[in-house]
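Enquirer: predicted model follows, preceded by the sequence.
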Amino acid sequence: MERISADQVRAQVHKFWHVLSGQSKDSLEELYSPEATVITGKAKRSERVHLAVARRKREIAQQVREASVELGAIDVEVVGDDVAVASYTYKFLRVRRGADASEVKRHTPYGRATHVLQRDTRGALRIVHEHLSSAAPAGIEPTSKG
Amino acid sequence: MEPISADQVRQRVQRFWNVLSSKAKAEFEAMYLPSATVFAVDGRRAELARLMVVRRARELMSASSSVAAKTGLIEVQLLGPGVAVSSYPLHFSTTRNMPNGRRYHAEIPYLRATQLFVRDADGQLRIIHEHLSSADPVAVQEVG
């Protein structure tokens, strides 16, 4: 099987954010290994990917419009032939519908991301571990429409 | 070379925090590969581990500083014979000395850690990437 390239990893990272921001209808599950673990948001420990995916699908469905995302330089380290780690910063802005139908804006200006990816038996790159965090608390505020 | 086992990774994680708490700078530095990168708890971007080690040594390994860490369940994913990723929660507290002479205490009850380990040519497990973050905003207070 061919060795993972940094460009392949970066392409997979961009695909992840396109799906998460609602800019792509590709399947979120397909990006992950079924055994993947995820640390994100205010979770106190890692969780199984199927739980994180279910929550994110709800969040994407509640989006009023496409979220905006801006990625910093993606540093890629290939480990052996079939594992790679991508680390980078990101800015993420999402407006979604609250429980009372108001619009709520969530802004993460100092996001930090680690994605560990591995080729599966069919050669596809999958995320096996993800850690998203913020160097500063995310800003949450009602929009002018809220 | 023997494949990495989950127990070896867990032991290495425990050793890592013991080494930091006991202020063993040389051994702490040797926990990382020279090319390793790190997201510190409050860092806005990743940095080379060797730069982080210099800062942690200055702030956390002096006589009047202290570090305490209590790890929770350490999850290990074996990604091949020489690669493993660990992820776990921990309770972390520090008293650090800053360059301006002030001392600060931080209590982080919900720290989350990701450490990617590889086996080097000498057979040692070393960290190639680390990501530390807090589930809650970190409260820091100045101490006398």
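Expert: Right, received. Where do you want to start?
Enquirer: on the three-state scheme, whichever residue of chain B sits closest to chain A is what?
Expert: Going by CB to the nearest CB, chain A is nearest to residue B:133 of chain B, at 3.2 Å. All C-beta atoms are positioned from the backbone trio N, CA, C, and that covers glycine. Three-state call for residue B:133 (DSSP: H, G, I helix; E, B strand; the rest coil): strand.
Enquirer: for it, grab the count of nearby residues.
Expert: Neighbour count of residue B:133, defined by other CB atoms under 10 Å in any protein chain shown: 25.
Enquirer: for the chain, what's the longest strand?
Expert: Since you didn't name a chain, this refers to chain A. For chain A, the longest strand by residue count, based on DSSP state E, is strand A:103-119.
Enquirer: actually chain B
Expert: In chain B, taking DSSP E as the definition, the longest strand is strand B:103-119.
Enquirer: packing partners for that strand?
Expert: strand A:103-119, strand A:125-134, helix B:6-21, strand B:83-97, strand B:125-134, strand B:139-143 (3 or more CB pairs under 8 Å, 6 or more residues apart in numbering or on different chains; DSSP states H and E).
Enquirer: which residues pair with residue A:89 across the strands?
Expert: As for beta bridges, residue A:89 partners with residue A:112 under DSSP bridges.
Enquirer: where does it land on pLDDT?
Expert: Confidence at residue A:89, expressed as pLDDT, is 97.
Enquirer: contact partners for it?
Expert: Counting by CB atoms under 8 Å, 6 or more residues apart in numbering or on different chains, residue A:89 touches A:71-72, A:110-113, B:44-46.
Enquirer: what does residue B:74 give?
Expert: Here residue B:74 is in contact with B:9-10, B:13, B:86-88 (criterion: CB under 8 Å, 6+ apart).
Enquirer: try it again with 6 Å
Expert: Residue B:74 makes contact with B:10, B:13, B:86, B:88, according to CB atoms under 6 Å, 6 or more residues apart in numbering or on different chains.
Enquirer: hmm, back to that, so for the longest strand of chain A, mean pLDDT?
Expert: 93.
Enquirer: got the angle between that strand and strand A:125-134?
Expert: Counting by axes from the mean of the first three to the mean of the last three CA atoms, to 10 degrees, strand A:103-119 lies at 140 degrees to strand A:125-134.
Enquirer: show me what strand A:103-119 is packed against.
Expert: strand A:83-97, strand A:125-134, strand A:139-142 (3 or more CB pairs under 6 Å, 6 or more residues apart in numbering or on different chains; DSSP states H and E).
Enquirer: wait, a strand at residue A:45?
Expert: No - counting by three-state DSSP, residue A:45 is located in no strand; its state is coil.
Enquirer: now it: closest residue in space that isn't a chain neighbour?
Expert: Excluding the flanking residues, the one nearest residue A:45 by CB to CB, 6 or more residues apart in numbering or on different chains is residue B:89, at 4.3 Å.
Enquirer: may I see the buried residues of the helix or strand where residue A:13 lies?
Expert: Assigned by DSSP states H and E, residue A:13 belongs to helix A:6-20. Within helix A:6-20, the residues that count as buried by 16 or more other CB atoms under 10 Å in any protein chain shown are A:8-10, A:12-13, A:16-17, A:19-20.
Enquirer: which elements pack onto whichever helix or strand comes after that helix?
Expert: The helix or strand immediately downstream of helix A:6-20 is strand A:32-39, counting by DSSP H and E. Strand A:32-39 is packed against helix A:49-61, strand A:125-134, with contacts defined by 3+ CB pairs under 6 Å, 6+ apart.
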